[in-house]
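Undergrad: 3D, please:
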Amino acid sequence: MDYSFLKSGTDVRGIASDLGGKAVELTDTAVYDITAAFAVWCVNKFSKGANELRIAVGHDSRITADRISGCVKQALTAAGVTVIDCGLASTPAMFMTTVDLHTDAAIQITASHHPFDRNGLKFFVGTGGLEGSDISEILSLASEAQECISEQKGNIEKCDYMKDYAARLRDMIIREVGKGEKPLLNYHIVVDAGNGVGGFYANEVLAPLGADISGSQFLEPDGMFPNHIPNPENKQAIESICEAVKASGADFGVIFDTDVDRAGCVDGDGNEINRNRLIAIASYIALGGKKGGTIVTDSVTSDGLKKYIQQDLGGVHYRYRRGYKNVINKAIELCEQGVDCPLAIETSGHAALRENYFLDDGAYLATKIIIELAKGTDIKALLSTMEMPSEEAEYRFNISAKDFRTYGQNVIDKLEKFAAAHDGYIIADDNREGIRVSTANGWFLLRLSVHDPVMPMNFESNEEGGIEIMKGELREFFEGFSELEIPQHF
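TA: Have a look, this model is predicted:
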């Protein structure tokens with residue numbers, strides 16, 4: 001069986017339930033084979049016998065979590081591995097088992113914010129999440145049915161590690177706020193967990209520190225996600241948490257994705273702190289008043305954010321390729337080169353602080369922001385100087401060409417020539433993905449998707465109607481490509 005089709009960047013993902021009307025891809029056999037292959041991969045990586053390995057296993061709230069978890073544990077124990085069974089857990093917590101519990105590796109069963117019928121496997125070792133090349137190797141081993149054979153089965157040890165993880169966040173708030181054991185006593189904070197794993201944050205982190213969590217919603221795990229998509233970028237989801245904050249008169253709101261590796265926030269007036277605004281507050285915290293630190297972001301961040309980081313905060317803004325792993329790896333690389341780089345963050349909400357192992361952890365970021373709130377920082381005032389665009393939009397051009405990467409790069413190359421010849425267009429000199437162009441009305445960025453035959457194009461305008469003007473200037477250019485599908489309303 002060739003399992004390569006289940007590779008999704010640095011994860012394994014596929015259809016795991018037929019309730020959505022599609023054939024199951026993550027079958028019991030597939031999960032068993034891939035997990036058995038991961039055990040072989042760990043044996044090779046750590047130069048240990050399988051019976052010497054300790055691997056933690058956790059899962060989010062998806063409807064197929066129990067089935068897949070059972071297959072994972074069966075494959076690991078058959079190889080002789082000792083399994084630390086963490087049950088319902090966040091993705092960042094599963095990495096932290098390699099730190100606190102000294103496991104050799106960890107497996108999180110999750111498909112992030114994707115529909116209820118999907119699921120997947122995310123792998124960690126002590127240095128962080130696996131790379132895409134590692135996933136390819138594991139899937140190749142699985143396709144060859146490679147597994148460790150052990151005469152003695154491994155053990156399963158139950159561990160409620162989420163209690164330890166929550167205690168770590170509580171201790172951080174107590175220590176950094178410095179107002180005794182109840183530092184959140186006078187604060188009203190609403191949490192929206194989207195029926196994923198994040199309910200623990202309200203009940204086990206905020207409430208014990210004195211916070212009023214009334215108005216919090218969708219804290220109970222429900223893998224059908226009946227209320228809204230568990231995604232801080234989703235319009236319905238963010239509108240839901242904004243309304244909850246306003247309805248309850250809360251001081252602050254936090255919304256998580258399913259497995260809590262991403263978060264969004266809401267201020268006391270019910271205004272979202274997301275995307276560029278979330279990066280701005282995270283940059284303020286990460287730089288800590290020090291000048292010259294570098295903040296690595298993805299390529300679609302706004303001009304206003306760059307100005308805020310560099311002029312208001314005295315930092316350096318380093319735009320890089322989309323993909324949270326790309327952004328994190330670039331920050332680590334810069335640190336290794338001697339660059340002071342305390343934060344890697346993507347507009348999707350993946351935020352990785354150097355002080356926290358460069359782990360993208362939504363609960364950790366939310367905690368850092370709440371600490372600022374409890375110390376008296378006026379979050380709204382802090383963000384008031386950041387220039388926001390009047391309009392923003394994204395369009396997606398599908399590529400029908402078989403070799404979509406070559407075709408897409410040809411489009412980018414020709415757009416660069418077009419922009420260079422266009423009066424008033426300025427090609428960005430700090431862009432590291434696709435082509436970014438500033439115009440009299442704002443800017444646009446055309447890039448090639450990391451995995452799919454798609455070219456996303458982002459626009460921002462500093463005036464109403466500016467995007468329509470830019471689109472009008474570009475429409476004839478795109479009509480010249482027969483294998484590029486111009487999106488509706490472009």
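
Undergrad: quick one: the strands in the stretch 201-350 of the chain?
TA: Per DSSP state E, counting those that start in this stretch, the stretch 201-350 of the chain carries strands over the ranges 252-256, 263-266, 272-273, 294-297, 316-319, 343-345.

Undergrad: could you give the average pLDDT over the longest one?
TA: For strand 252-256, the per-residue pLDDT values average out at 98.

Undergrad: and it, what does it pack onto?
TA: Judged by 3 or more Cβ pairs under 8 Å, 6 or more residues apart in numbering; DSSP states H and E, the packing partners of strand 252-256 are strand 189-192, helix 235-248, strand 263-266, helix 362-374. To be clear about C-beta, it is placed using only N, CA and C from the backbone, and glycine gets the same treatment.

Undergrad: quickly run through the sheet partners of it, with directions.
TA: If you go by DSSP bridges, strand 252-256 pairs up with strand 189-192 (parallel), strand 263-266 (antiparallel).

Undergrad: just the helices in the stretch 1-150 of the chain please.
TA: 28-46, 65-78, 91-100, 132-143 (DSSP state H, counting those that start in this stretch).

Undergrad: one step back: burial-wise, tell me which of the strands paired with strand 252-256 comes out on top.
TA: Among the strands paired with strand 252-256, ranked by average contacts under mean count of other Cβ atoms under 10 Å, first place goes to strand 189-192 (a mean of 30).

Undergrad: buried residues, stretch 274-290. List them.
TA: Using 16 or more other Cβ atoms under 10 Å as the test for burial, stretch 274-290 gives 274-287.

Undergrad: then that stretch to PDB, C-alphas only?
TA: The C-alpha coordinates for stretch 274-290 follow below in PDB (Å, rounded to 0.1, in the frame of the first residue of the first chain):
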ATOM      1  CA  ASN A 274      -6.300  38.500  15.000                       C
ATOM      2  CA  ARG A 275      -3.800  38.200  12.100                       C
ATOM      3  CA  ASN A 276      -1.700  41.400  11.900                       C
ATOM      4  CA  ARG A 277      -3.000  42.700  15.200                       C
ATOM      5  CA  LEU A 278      -2.200  39.400  16.900                       C
ATOM      6  CA  ILE A 279       1.300  39.500  15.500                       C
ATOM      7  CA  ALA A 280       1.600  43.100  16.700                       C
ATOM      8  CA  ILE A 281       0.800  42.300  20.300                       C
ATOM      9  CA  ALA A 282       2.900  39.100  20.200                       C
ATOM     10  CA  SER A 283       5.800  41.200  18.800                       C
ATOM     11  CA  TYR A 284       5.400  43.700  21.700                       C
ATOM     12  CA  ILE A 285       5.600  40.900  24.200                       C
ATOM     13  CA  ALA A 286       8.500  39.100  22.500                       C
ATOM     14  CA  LEU A 287      10.700  42.100  22.100                       C
ATOM     15  CA  GLY A 288      10.100  43.200  25.700                       C
ATOM     16  CA  GLY A 289      11.200  46.800  25.000                       C
ATOM     17  CA  LYS A 290      14.600  45.700  23.500                       C
END
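
Undergrad: roughly how far is stretch 271-281 from the heart of the chain?
TA: Between the centre of stretch 271-281 and the centre of its chain there are 15 Å (Cα atoms, centre = their mean, to the nearest Å).

Undergrad: who touches stretch 272-286?
TA: In this structure, residues lying in contact with stretch 272-286 by Cβ atoms under 8 Å, 6 or more residues apart in numbering are 232-233, 238, 241-242, 264-267, 293, 295, 297, 301-302, 304-305, 308-309, 313, 315, 342-343, 345, 347, 349, 351, 353-354, 365, 368-369, 372, 379, 382-383, 386, 388.

Undergrad: typed the wrong thing, it's stretch 370-382
TA: Residues contacting stretch 370-382 (Cβ under 8 Å, 6+ apart): 172-173, 176-177, 179, 183-184, 187, 189, 206, 251-252, 254, 267-269, 271, 273, 281, 284-285, 369.

Undergrad: CSV for the strands of the stretch 201-350 of the chain, including distance to Ile412?
TA: Putting the strands of the stretch 201-350 of the chain into CSV (distance: least, Cβ to Cβ, whole Å) gives the following:
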stretch, distance to Ile412
strand 252-256, 34
strand 263-266, 31
strand 272-273, 32
strand 294-297, 20
strand 316-319, 16
strand 343-345, 24
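
Undergrad: of all the helices and strands packed on strand 252-256, which one comes closest to Asn458?
TA: Each of the helices and strands packed on strand 252-256 has some distance to Asn458 by Cβ to Cβ; the shortest is helix 235-248, at 16.5 Å.

Undergrad: so what touches the closest one?
TA: 188, 190, 192, 194, 214-217, 227-232, 250, 252-255, 264, 266-272, 274.

Undergrad: let's see it at 7 Å
TA: Contact with helix 235-248 is made by 188, 190, 192, 194, 214-215, 217, 228-229, 231-232, 253, 255, 264, 266, 270, 272, 274, as judged by Cβ atoms under 7 Å, 6 or more residues apart in numbering.

Undergrad: now the residues you listed: which count as buried?
TA: 188, 190, 192, 194, 215, 217, 228-229, 231-232, 253, 255, 264, 266, 270, 272, 274.

Undergrad: now the buried members of the contacts of stretch 272-286.
TA: Using 16+ other Cβ under 10 Å, the buried ones in the contacts of stretch 272-286 are 232-233, 238, 241-242, 264-267, 293, 295, 297, 301-302, 304-305, 308-309, 313, 315, 342-343, 345, 347, 349, 351, 353-354, 365, 368-369, 372, 379, 382-383, 386.

Undergrad: show me the shaky parts of the stretch 201-350 of the chain.
TA: For the stretch 201-350 of the chain, no stretch is flagged by pLDDT under 70.
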